[in-house]
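Engineer: below are the sequence and a predicted model; questions follow.
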Amino acid sequence: MIASAIITSFSIASLLAWFRYSCGLILSAKPAHDYTPQVAAANELGFLEVQQHLPNANERRVLDTLRQKLERDYHLLNYLLDHSPALHTGTESFEQRMMMLDFELMKASYAVVSLLSRSRARRVLQEMTQVVCYFANTMGERGVWTSVTE
């Protein structure tokens, strides 16, 4: 019984470590062409501004506002990727699903760490920003990054 608990705990810890390492690799990869600024401008997304303001944000209220902007941009990009005929490929890649899960885990993590440490909350928001950048670039790579309001 104890051996099973130890093995299960070790397996879960290993899976979590693999997941975090894989997400870090995906987010650190530099694309051949970065479409992020064009996609952000065309769709009036605020995640690049969040990225600029994040290092100086110290108050919880400010951090919460930045988190809300990131969540809005994340949901909008996912909606566009899912519903735009020119962007919809029919299935999400395993990499995209990992990034979606990472964003949701970081969102939950923010809820906890924002109560404990502002610096850790900023690091979580920084990773959330990187995930939003990943989806903006994915949208740009699929070829259509013009505004949905046109």
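Structural biologist: Looks like it arrived, so ask away.
Engineer: pLDDT weak spots in this protein?
Structural biologist: Under the criterion pLDDT under 70, the flagged ranges of the chain are 85-92, 144-150.
Engineer: and the longest helix for it?
Structural biologist: The helix spanning the most residues in the chain, taking DSSP state H as the definition, is helix 2-28.
Engineer: which strands or helices does it pack on?
Structural biologist: In terms of contacts (3 or more CB pairs under 8 Å, 6 or more residues apart in numbering; DSSP states H and E), helix 2-28 is packed against helix 94-116, helix 118-141. Yep, even glycine has a C-beta here, placed from its N, CA and C like the rest.
Engineer: now those in CSV, with mean neighbour count and distance to Gln52?
Structural biologist: As requested, those are exported to CSV (neighbours: other CB atoms under 10 Å; distance: least, CB to CB, whole Å):
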stretch, mean neighbour count, distance to Gln52
helix 94-116, 16, 19
helix 118-141, 21, 10
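Engineer: how about JSON lines for those helices, with distance to Ala42 added?
Structural biologist: What follows is those, written out as JSON lines (distance: least, CB to CB, whole Å):
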{"stretch": "helix 94-116", "distance to Ala42": "20"}
{"stretch": "helix 118-141", "distance to Ala42": "9"}
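Engineer: count the residues that sit near Ala42.
Structural biologist: Taking other CB atoms under 10 Å as the neighbour definition, Ala42 ends up with a count of 19.
Engineer: distance check, it against Thr138.
Structural biologist: Here Ala42 is placed at a distance of 14 Å from Thr138 (CB to CB, to the nearest Å).
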